[in-house]
Structure formats: C-alpha cells, structure tokens
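**Q** Here is the input, now give the coordinates:
(one chain, ligands or ions: 1)
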Amino acid sequence: MTPNVLIVAEVDSGRLSLPTVEAAGVARSLSGPDGKIVGIAGGAGAAGAAIEFGEYGIERAYAIDDPRLDGAPAQAQTAYIAAAASAVGAHLVLLGGSTAGRDLAGRVAVAWKAAAANGVTELAWAGEALRVQRPVFGGRATEARLLRGGRAVVSLRPHAFPAAAVERTTCAVERAPAASVPPALLAPRRTGVEAVPKGTGPALSDAPIVVSGGRGVRTPENFRLIEELAASLGAAVGASRAVTDAGWRPTSLQVGQTGRSVSPQLYIAVGISGAIQHLVGMMSSRVIVAINNDATASIFRVADYGIVGDLFAIVPALTAEIHRVRGI
Ligand SMILES: Cc1cc2nc3c(=O)[nH]c(=O)nc-3n(C[C@H](O)[C@H](O)[C@H](O)COP(=O)(O)OP(=O)(O)OC[C@H]3O[C@@H](n4cnc5c(N)ncnc54)[C@H](O)[C@@H]3O)c2cc1C
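**A** Numbers count the residues shown, from 1 in each chain. Predicted coordinates for the structure are as follows:
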C-alpha cells in the first residue's frame, strides 16, 4: 500500500500554525516516496496559507477561502474535510495537536467513517492498519492501538514531533471539493473574543521553556520572582490552579487538566506540589526541573532534576546566575 495523507491546516494570522507544520513533517515521514500528500485549509486567507505547504515539500493543497469559517464551529468544516479525504483517496487524515485539531478529529472520523485517535505521539503503518501510541492516565501509561479499515483520523500531541524540514517546492492550490458550507452550520457563530492579557514572553503553548509558579510563592507580588526567572531564560510563564483560582495571575496561564497542556523542552516548576491535575498538563515536557522545600512533594516523582529548598533563596540566585552567564 502507498499511503495517501490529507493534512488539515490550522491557519494562524494567515500562516500555517506550528502544529500544522509538525503534522506536515509526520506526513512526509509516513507517506514514503510514492504516497500522495495533500493539504487543506479553510477560513479567511486560506488560499495564501495553503501555498505555504510548498515550503514543506507538499505540492498540492485545497483551500476554502471563506471568512465565515473563522470562528464557526468545528462541524462547519467536517463535511468538506471528509469530502476532500475521499477525493484524495486518503488513508490518513492528520491534524495538528491543538484544541481545534482534537475537536475536529472525532467529527471527521464519524463523517468519513474512519477510526480515530487523539494526542498521538508515535505512528507507523502496519500493512493497511495504522499503529498509534499515545500517553494515557496522565502519562502514567502508554496506549497502543491499531486503527484498522484503511481509513484513520489522527491528531498529534503538541511538540511530540519536530516541525517539517523546509524544502521550498511550489504548492498548487485548488478549490476544495464540496467547498460550500451549509449556512445552518455557520449559524452558531462566535460573537466576540476576549483578548487574553498579553504577556511579554512567548506564548505558553508553543514556548520551548516554561517556568511555572505555584502556591508556594505565597503572594501575587512574589509571583514576579517566577516572571523574572522566565524573562532571564526567554521562557513563557505558567501557573498552577492554586495561583489562578486565587486570582494572582489570569487563568490563561494555568497548566494542567483544566488549563493548558504544554510539552516544552524544559519545564521548571517552582513551589508546585505536583497534584495529578497539574502533572497531566506538563508531564510530557522533555526535561522537568522542580524547586520545592518539601522533599516528599509529588512533583519530584516526575522531575529529572530536583532542588529541595526555599524558593525565595533559590529562584533569585538562579535568575542572577542566568543573567551573569548570559551577560544580561
Ligand atoms: C477537577 C480538578 C481540576 C484541576 N485542574 C487543575 C489544573 O488544571 N492545574 C493545576 O495546577 N491544578 C488543578 N487542580 C488543582 C490541583 O488538585 C491542586 O490543588 C493544585 O495543582 C495545587 O497547586 P499548587 O501545587 O500550586 O499548590 P499546593 O498543592 O498548595 O503546593 C504548594 C507547594 O509549594 C511548596 N512550597 C511552599 N513554600 C515553599 C517555599 N518557600 N519554597 C519552595 N517550595 C515551597 C510546598 O511544599 C507545596 O509542595 C484541579 C483540581 C480539580 C479537582
């Protein structure tokens, strides 16, 4: 079998999002030299974003350049993605590891009558079936599944795969098959968006380094110690729910089960006990460093490096040392 792959793009400010570029890399490694890889993008400026697939060696894409899709619910996109998957003769529809990607994956699988898996960290063909793996139970176990039937819809875990290598080919963009979206599906539109207060550092979900603070910092004023450490590393700032529930910092910074899931190269947890609801949001980080004055804190069970001690002594010293080393 020569597997054909349809990559569903997520468009971010007129460009392919990082999760989409990661999906493009996976599609290229899975498809082999004879497999067909086609991208699909929808929303305002979709045609322009679809051309960008060419930068990652993907020579064909569909676009549905319709601004009404921006903010429309996932079911508005389901039908045309399923139609495109059939038109391409796809064996796999691949989505990036974002909330929208996870939401769409199940819907597309139902519409296209395919097997589905979300948050996948490994995938390989086993004949007509796709063998996938993903962390479950907050990362305490890995589930392996065989998606049979020759049709699979998979969303990837964010940052589990490298971004596609740049190849700079030309991508031919055509209008998507079945590109008309039933108006009824566009009806429950988003009527407003409240801007998340913009921090000065990188966005939490995409940042290669995240420094998170917990209740151990004691007061909202002390949280600046976390922010200063993060700034010294060019890192994003995160927080435990104890911090966001107390109103010390906005909920947009919360990491965990009811907050963001992050998988940075380096996660530094400061004054965070390591409750399971926090761990599920950061356990897949490549290297975890914990700073806590309680040597029995659960966070040390998942940490690669642990510093047992008072954060009010350790964090300023660490920040000062990073400033010194980096000549800040
Ligand atoms: C349904 C549900 C969903 C939830 N979702 C989330 C979620 O998404 N994210 C999340 O984070 N939590 C979530 N929680 C809450 C979670 O159970 C914990 O209550 C929370 O994570 C605790 O936050 P914390 O570690 O900052 O505080 P604590 O558990 O109070 O830990 C504070 C830590 O700071 C340490 N400390 C204190 N002083 C110092 C010092 N001077 N120096 C160094 N260390 C110090 C202490 O030893 C302690 O380990 C959820 C709970 C429920 C029930």
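
**Q** My read is that Ser205 contacts Gly259, right?
**A** No: contact criterion Cβ atoms under 8 Å: Ser205 and Gly259 do not qualify, at 10.7 Å. To be clear about C-beta, it is placed using only N, CA and C from the backbone, and glycine gets the same treatment.

**Q** Counting neighbours, go ahead and name the busier of these two.
**A** A direct count of neighbours by other Cβ atoms under 10 Å for Ser205 and Gly259 places Gly259 higher, at 22 against 19.

**Q** gap between that one and Met282?
**A** Gly259 is 10 Å from Met282, where distance means Cβ to Cβ, to the nearest Å.

**Q** Now do the end-to-end distance for stretch 42-49.
**A** One end of stretch 42-49 sits 9 Å from the other (Cα to Cα, to the nearest Å).

**Q** Looking at the longest helix seen in the chain now, give me its mean pLDDT.
**A** When the chain is parsed with DSSP state H, its longest helix is helix 311-326. Per-residue pLDDT over helix 311-326 has a mean of 96.

**Q** Flag every buried residue along that helix.
**A** By neighbour count with 16 or more other Cβ atoms under 10 Å, helix 311-326 contains the buried residues Leu311, Ile314, Val315, Leu318, Thr319.

**Q** again with stretch 9-22
**A** So, applying 16+ other Cβ under 10 Å, buried residues of stretch 9-22: Ala9, Glu10, Val11, Leu16, Ser17, Leu18, Pro19, Thr20, Val21, Glu22.

**Q** Tell me, how many residues neighbour the closest residue to the first one other than its chain neighbours?
**A** Nearest non-adjacent residue to Ala9, counting by Cβ to Cβ, 6 or more residues apart in numbering: Ala41, 3.9 Å away. The criterion is other Cβ under 10 Å. On that basis, Ala41 has 28 neighbouring residues.

**Q** Quickly find the element holding Ala41.
**A** strand 37-42 (DSSP states H and E).

**Q** so how far is that strand from its chain's centroid?
**A** 18 Å (Cα atoms, centre = their mean, to the nearest Å).

**Q** next one: stretch 36-50
**A** A distance of 19 Å separates the centroid of the chain from that of stretch 36-50, by Cα atoms, centre = their mean.

**Q** cool, stretch 215-226 as well?
**A** 28 Å.

**Q** cool, and stretch 266-286?
**A** For stretch 266-286, the distance to the chain centre is 16 Å (Cα atoms, centre = their mean).

**Q** same question, stretch 321-328
**A** For stretch 321-328, the separation from the chain centroid amounts to 31 Å (computed by Cα atoms, centre = their mean).

**Q** Now for Tyr305, how many residues are close by?
**A** Residues near Tyr305, counting by other Cβ under 10 Å: 12.

**Q** ok, what's across the strand from it?
**A** For Tyr305, the beta-bridge partners are Val289 (DSSP bridges).

**Q** helices or strands up against the longest helix of the chain?
**A** helix 224-233, strand 287-292 (3 or more Cβ pairs under 8 Å, 6 or more residues apart in numbering; DSSP states H and E).

**Q** Does the longest one reach the ligand?
**A** Yep, that's helix 224-233 we're talking about. No: judged by Cβ under 6 Å from any ligand atom, helix 224-233 stays clear of the ligand, getting no closer than 10.3 Å.

**Q** who's in contact with stretch 137-148?
**A** 114-117, 121, 126, 128-136, 154, 276, 279-280, 283-284, 302 (Cβ atoms under 8 Å, 6 or more residues apart in numbering).

**Q** Swap in 10 Å and give it another go.
**A** Stretch 137-148 is contacted from outside by 91-92, 109, 114-117, 119-123, 126-136, 152-154, 256-257, 276-285, 302, using Cβ atoms under 10 Å, 6 or more residues apart in numbering.

**Q** residues touching the residue positioned nearest the centre of the chain, list them.
**A** With distances taken as Cα atoms, centre = their mean, the residue of the chain nearest its centroid is Pro158 (3.2 Å). By Cβ under 10 Å, 6+ apart, Pro158 lies in contact with 18-19, 22, 96-99, 101, 119, 205-206, 260-264, 284.
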